[in-house]
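Asker: predicted structure and sequence below. I'll ask about it afterward.
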Amino acid sequence: MGLLNKLNQPYEAGGIILGTFEDILNWGRARSDWYLHFGLACCAIEFMAMNASHFDFMRFGTIPRATPRQADFIMITGTVTLKMAERIKKLWEQMAEPKYCISVGSCANCGGPYWEHGYHVLKGVDRIIPVHVYVPGCPPRPEAFQDGMIKLQKMIKEEAIFRKRKKLEEETKIELSA
Amino acid sequence: MLEYIKNVWLGFWTVIVGMKITFTHLFEKKVTVQYPDDRYPIPPNARNKLHLEPTLCNGCTSCARICPVNCIKVETLRVVPDDPEQPMIADGTKRKLWVPVYDIDFAKCCFCGLCTTVCPTFAIKHTVEFEYSTYSRDDLYVRFSDMSPEKVAEKKKMLEEFQAKEKAAKAEAARKAAEEKSKAEAQAKAESSPVTESKESN
Amino acid sequence: MGEKKRIELDYSKIESDRMRLNVGPQHPSTHGVLRLEVELDGEIVTEVVPHIGYLHRCFEKHAEKMTYPQVIPYIDRMDYVTSMNNELPYVMAIEKMLGIEVPEKVQYIRVIMCELNRIASHQIAVATFGLDAGAFTPFLYFFRDREYILAIFEKASGARLLFNYFWIGGLAADVHPTFKEDVLAIVKQVRKTNKEIEDLLIYNKIFIERTANVGILPPDVAINYACSGPVLRGSGVKFDLRKNEPYSIYDRFDFDIPVGMGEVGTVGDCWDRNIVRMREMEQSCRIIEQAIEQMPNEGDVQEKLPKKIKPPKGDIYMRAENPKGDLGFYIVSNGTDKPERVKARGTSFVNLSVLPEISKGYMFADLILILGSIDIVLGEVDR
Amino acid sequence: METTNFVYNLIPNETIAIIVISVIPLIFLIVYALLAILGELKISAWIQERLGPMRTGPWGILQPIAEVVKLIQKEDLTPDSANKPLFNLAPYIIFMGAYASFAVIPFSRYFVPSGINIGLFYIFAVGSIAVIGIVMGGWASNNKYSLLGAMRSVAQIISYEIPGAMAILSVAVLASSLDLEKINIAQEGGIWNWFIFGGQGSWSKIWVFPFTLVLSLIYLVASLAETNRTPFDIPEGESELVAGYHTEYSGMKFAMFFFAEYANMFVVAAVLTITFFGGWNSPFGNFMQGPGWDVFWFISKAFFFVILQIWLRWTLPRLRVDQLMYVGWKVLLPFSFICFLFISLFKMIN
């Protein structure tokens, strides 16, 4: 039995080597997240406060990048108006895979205080781009941002890279049988 | 020329001064609070997640009315007088309304604190909890009511029955009243008709 | 380092292809979501067209739908850096319409909170201005201090940024018992940091070269464009509503109005606008110290009011000195519990209008600094 | 002096020895770059009263490794409107320019990858290759910000090479050689014999000290400009040009730019060490002197200057384009000429 043979053995449907290799890759992506330096409204001020010395976002291994090409995740911090929405969609498309999105604050989650009468406000940024973590608050405390970041890191760590196809197959099987 | 030398010297000197300041900060005590392990003190009146104490809520809906963003949804059912379970609100008064639905959409809430100030029984208040970010927006829609669907259905049925009874009673009363009225009218007619007749005859 | 005189170029003789550059809405230093359409001749700016509306949240429309107390959270979200100062003129206007006098203690707490918020706002302004110039460290020193101020706000109101603290006829809650000592400790800390920042950034030769003689706003142009706040005072015009038209209890305090004097360049350049903010922080500290001394310890913080606030029919215009300038509210009441119209005079909006005028002929890097020295908040520009 | 590279003694086969010799600096470079990235993150944090990365490994020391793992996985985007060959080539050219300099850097008297006798000249020649990569990358990105950044970079690097070269030239005058090893050997015998104090010689060399000090400062400033570090980071000035010439780069290609920047930082620090601060020589004369100590002294001195660059970056604001030119042509150049003149005179008289 060589190591190669073990690849075919069932270890969460991927083999031991692929499993651990995947863990390392996921560890890298979870621990080094560069974010797009991009603020929209009130939450952006708290976002700046979160970057500052008392809370220090860089502890999580994040570095601000000004250009979307080099960013790993984007934090939508503030009200997304319809005029801004197309720009955000463009930014999201410019980012390189793998990419993530955290929606921060009531406005980005679903329009917030402007959801009822705000004719000009997009009711939730998840209508244009996929959102991975929702952070509630108006604006959230800086620790709440970091809580969202921890949740995102947890999500990335459990992601499947090689097992993706297997997983998808299983899911479709379940769907078909159902 | 003198100006030039002075500028060059100033440029050099202010850089040294700046470097001195940053160097002293290099060894100063760091102010960072390492969040998940260590926590920054939060005052008890901080306005974070809302919490409703269902046993305190009397269903007055003033919170839903004052809310600037309409993120609170309250539905109430009247308590039937002959309900076997006659609940007391925690402050001692009799409950007049059941609250089967009390939902707060934290995705919309603007945490202004207006609802907590208008509440007559202090049922709704802000807590210091802020760690409830989720992977799905639906999880931010929180249902606070402690009534199970069966109980709601039961109370609804009870109310409907009671209302039907009440309606029947009302109808009965109305019928009675109408009867009485018609009787009275007839009587009045009977009393007044001779007069009119006599008038006509005149 | 650079000479004092700016090199004048005769643009009619040097002609090259113009480049149109789109700065924003996603750009690290547009202070939010402003979009500037810039025409560049090499690196020299020949035309600037600001495009706004990327954060239009229809505040005025919302105000018509809300009752009077419900409008206050939306006013917080206009100029989100200076919420306390935003609330003050609105609350004073309604109080004047209702004809009520708020308790003495409330007046003092309001003034202290406003001045603390003014310090916090100026800290953000100077910090981001330094960031635009490329200095990252002062930014974090300012934000470290701002955290202490926010702690006071949080203890009083419960929120860190959007307070909803000034209510019609009083305050949302009383301040905590150790309020006075905490505020005095902050004043001390602010002075210490300001001293340090002056050495690290403000009087740094590179910073002086970057900001002096750049974006000169002459006083007459500033007045013509209706600029206010540090942008106007940076040009040497001594106008401050707290002194010229004292509202609330500002006439009881002794403080100066710092103006730009052209110490290192010409009057009205970026450095002057910036130093005015630095010195206003010191004046705010003075006001806070006096207010703490005079503030009564006992007293109610909320006047008795009817459950539904219905100001009599009529209109009112009330203005107050925001950290960014002159913020005014024009409120029309129709006798119901909802305002007929609330019109806000956005300070940042008016100040931004001067940008195309003063940024022509400077380098592209200067344009960023000029924008930073005007200190706009897009929430107030677009409303 | 005969070059005695220890690898030749270890491995008899010359081809394999050459390959080993060329790989050793690369391994060193990778390790150094990881350390420098960590150093940058941590020092910047400490200056700003923060803690920096703390959650990746103990005290965040695994942070740079996580970054490399992440960057390998990133999608490699090439914009549709970019000039693809140039766009893809640019990062490697920049890295090549930085890596080629390592060929002549003498880490120890027993390890000089290639002991050519015009080492100083070679470093300057090869260092200029980076600018080609920057222009290629900036132009091929088809982005206005990138183009502006590239244009600024060219002007900056070309004008700052002259005062930098003048500063180094005076050392060549003092040592009467362009050979980096000879320059090192000329500074043997303790801190007093370093070129910052005028090299070996009688007490009369004290007259040189002010000029060598100024020249070393001039080289430091010029090297900051050559490596695009603050206060001369205008080609990638974040608040103006988003990310300058590498705005459109992502994934591994961006990592190359990143890597090349840190490699360049080491190269200029190494040149400063060799020319003015004694290279591999111990500051205490014969005490702590030897082949192993050589590497230690050389790398620790070079690291000190790398940290100095990082320290400067987190202190100063950024200059404007025309002021940058002003500093280069009107301040550094005249000063370097005056100092060079005096040092040449001193050498002639001696």
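Answerer: Cool, got the structure.
Asker: ok, now which ones touch residue B:146?
Answerer: B:54, B:55 (Cβ atoms under 8 Å, 6 or more residues apart in numbering or on different chains). In short, each C-beta sits where N, CA and C put it, glycine included.
Asker: need the contact list for residue 128.
Answerer: You didn't say which chain, so I picked chain A. With Cβ under 8 Å, 6+ apart, residue A:128 has these contacts: A:80, A:85, A:88, A:89, A:92, A:122.
Asker: if you could check chain B rather than the one you did, that'd help
Answerer: Contacts of residue B:128 by Cβ under 8 Å, 6+ apart are B:42, B:44, B:46, B:48.
Asker: tell me which of these is nearest to residue D:233?
Answerer: Lowest distance from residue D:233 to the contacts of residue B:128 (Cβ to Cβ) belongs to residue B:42, with 39.1 Å.
Asker: how far away is that closest one from residue B:117?
Answerer: 20 Å (Cβ to Cβ, to the nearest Å).
Asker: show me the shaky parts of the stretch 201-350 of chain C.
Answerer: Scanning the stretch 201-350 of chain C for pLDDT under 70 picks out nothing.
Asker: which stretches in it count as strands?
Answerer: Under the criterion DSSP state E, counting those that start in this stretch, the stretch 201-350 of chain C carries strands at the ranges C:314-321, C:326-333, C:339-345.
Asker: same check, this time on chain B
Answerer: Secondary structure of chain B (DSSP state E): strands located at B:50-52, B:72-78, B:97-105, B:124-126, B:141-143.
Asker: who are the packing partners of the last one?
Answerer: With contacts defined as 3 or more Cβ pairs under 8 Å, 6 or more residues apart in numbering or on different chains; DSSP states H and E, strand B:141-143 has these neighbours: strand B:97-105.
Asker: tell me which residues are up against the strand it packs on.
Answerer: Residues contacting strand B:97-105 (Cβ under 8 Å, 6+ apart): A:110, B:50, B:52, B:54, B:57-60, B:71-79, B:140-145, B:147, B:152, B:155-156.
Asker: can you select the buried ones from those residues in ChimeraX?
Answerer: Applying 16 or more other Cβ atoms under 10 Å in any protein chain shown to the contacts of strand B:97-105, the buried members can be selected in ChimeraX as follows:
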select /A:110 /B:50,52,57,58,59,60,71,72,74,75,76,77,79,140,141,142,144,145,147,152,155
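Asker: continuing past the strand or helix carrying residue D:32, what's the next helix or strand?
Answerer: Element membership of residue D:32, judged by DSSP states H and E, is helix D:14-47. Sequence-wise, the next helix or strand downstream of helix D:14-47 (DSSP H and E) is helix D:63-73.
Asker: next, the angle from that next one to helix D:14-47.
Answerer: With axes from the mean of the first three to the mean of the last three Cα atoms, to 10 degrees defining the directions, helix D:63-73 sits at 120 degrees from helix D:14-47.
Asker: CA atoms only: put helix D:63-73 into PDB for me.
Answerer: The C-alpha atoms that make up helix D:63-73 are tabulated as PDB, following Å, rounded to 0.1, in the frame of the first residue of the first chain:
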ATOM      1  CA  GLN D  63       1.400  35.400   8.600                       C
ATOM      2  CA  PRO D  64       3.700  35.700   5.500                       C
ATOM      3  CA  ILE D  65       3.500  32.000   4.900                       C
ATOM      4  CA  ALA D  66      -0.300  32.200   4.900                       C
ATOM      5  CA  GLU D  67      -0.100  35.100   2.500                       C
ATOM      6  CA  VAL D  68       2.100  33.100   0.100                       C
ATOM      7  CA  VAL D  69      -0.300  30.100   0.300                       C
ATOM      8  CA  LYS D  70      -3.200  32.400  -0.500                       C
ATOM      9  CA  LEU D  71      -1.500  34.300  -3.300                       C
ATOM     10  CA  ILE D  72      -0.700  30.900  -5.100                       C
ATOM     11  CA  GLN D  73      -4.400  30.100  -5.100                       C
END
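Asker: low pLDDT regions in chain A?
Answerer: Ranges of chain A meeting pLDDT under 70: A:1-19, A:161-178.
Asker: brain fart, chain B
Answerer: In chain B, residues with pLDDT under 70: B:192-202.
Asker: so which bits of it are right by chain D?
Answerer: Residues of chain B lying near chain D by Cβ under 8 Å from any Cβ of the partner chain: B:8, B:15, B:18-19, B:21-23, B:25-32, B:34.
Asker: for PyMOL, write the select line for the buried members of these.
Answerer: The buried residues among those can be selected in PyMOL (16+ other Cβ under 10 Å) with this line:
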select buried, chain B and resi 8+15+18+19+21+22+25+30+31+32
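Asker: number of nearby residues for residue 78?
Answerer: You didn't say which chain, so I picked chain A. The tally of other residues near residue A:78 (other Cβ atoms under 10 Å in any protein chain shown) stands at 31.
Asker: wrong one, chain C
Answerer: If you count neighbours by other Cβ under 10 Å, residue C:78 ends up with 26.
Asker: list the contacts for it?
Answerer: Residue C:78 neighbours (Cβ under 8 Å, 6+ apart): C:59, C:86, C:344, C:346, C:379, C:380, C:383.
Asker: of those, which is the most crowded?
Answerer: Going by other Cβ under 10 Å, residue C:86 tops the contacts of residue C:78 with 31 neighbours.
Asker: need the three-state assignment for it.
Answerer: For residue C:86, the assignment made with DSSP: H, G, I helix; E, B strand; the rest coil gives helix.
Asker: distance check, it against residue C:328.
Answerer: Counting by Cβ to Cβ - residue C:86 and residue C:328 are separated by 11 Å.
Asker: got the residues of the stretch 201-350 of chain D near chain C?
Answerer: By Cβ under 8 Å from any Cβ, the part of the stretch 201-350 of chain D that sits against chain C consists of D:230-231, D:233-234, D:237-240, D:242, D:314-323, D:326-327, D:331.
Asker: out of the residues you listed, which are close to chain A?
Answerer: Near chain A, judged by Cβ under 8 Å from any Cβ, the entries from those are D:238, D:242.
Asker: can the helix or strand containing residue A:101 be found next to chain C?
Answerer: Element membership of residue A:101, judged by DSSP H and E, is strand A:100-104. No: between strand A:100-104 and chain C, judged by Cβ under 8 Å from any Cβ, nothing touches; the nearest distance is 12.8 Å.
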